[in-house]
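[1] coords please:
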Amino acid sequence: MQFTRDPSGTIEVEGETYAWEIRRQPRPVGGAVWEGMAVSLRHVDFKREAIIQFPPPLRPNGRPDVEKQRVNVDAVRNAVTAAIEAGWDPTSRGKAMVFDVDADGR
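    Numbering: from 1, shown residues only. Alright, predicted model coming up:
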């Protein structure tokens, strides 16, 4: 696994280059409910965006990990493939599409 603290970067998936950027860190949304980190993806030559939402990280005692999270670049690479399989066409036009993935980006 490759982790980075950078807020943005590029990855290559099947010969295509995609830009990613952290859209939000984990945060509480009310009560004991938390949202995980969200990463925005787009093909470097096109503008159609996909927003990938990861589950909130949990500590061993089951409570949410509130520290700033590092980005797992391999999970982002997996998320690109999963978003394309789920119907995201990075070359098309339109609103950003939102996808929920697991911690591995699938």
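
[2] Kindly provide the whole-number mean pLDDT of stretch 52-67.
    Mean pLDDT, stretch 52-67: 87.

[3] for it, which positions count as buried?
    For stretch 52-67, a neighbour-count test (16 or more other CB atoms under 10 Å) marks 52, 53, 54, 56, 64 as buried. Yep, even glycine has a C-beta here, placed from its N, CA and C like the rest.

[4] ok, longest strand in the protein?
    The longest strand of the chain (DSSP state E) is strand 16-24.

[5] what is the mean pLDDT for that one?
    On average, strand 16-24 scores 96.

[6] hmm, who's touching the helix or strand just after it?
    Next along the chain after strand 16-24, taking DSSP states H and E as the criterion, comes strand 27-30. Strand 27-30 is contacted from outside by 34, 35, 64, using CB atoms under 8 Å, 6 or more residues apart in numbering.

[7] Which of the residues you listed fall in strands?
    34, 35.

[8] Turn the contacts of strand 27-30 into JSON lines, columns for distance to residue 24.
    Converted to JSON lines, the contacts of strand 27-30 look like this (distance: CB to CB, whole Å):
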{"residue": "34", "distance to residue 24": "12"}
{"residue": "35", "distance to residue 24": "7"}
{"residue": "64", "distance to residue 24": "14"}
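
[9] ranges for the helices of the chain?
    Along the chain, the segments classed as helices by DSSP state H run 73-85.

[10] Go ahead and confirm residue 53 touches residue 97.
    No - contact criterion CB atoms under 8 Å: residue 53 and residue 97 do not qualify, at 11.3 Å.

[11] how far off helix 73-85 does the longest strand of the chain point, in degrees?
    Angle between the axes of strand 16-24 and helix 73-85 is 110 degrees (criterion: axes from the mean of the first three to the mean of the last three CA atoms, to 10 degrees).

[12] Strand 16-24 packs against which elements?
    strand 8-13, strand 38-43 (3 or more CB pairs under 8 Å, 6 or more residues apart in numbering; DSSP states H and E).
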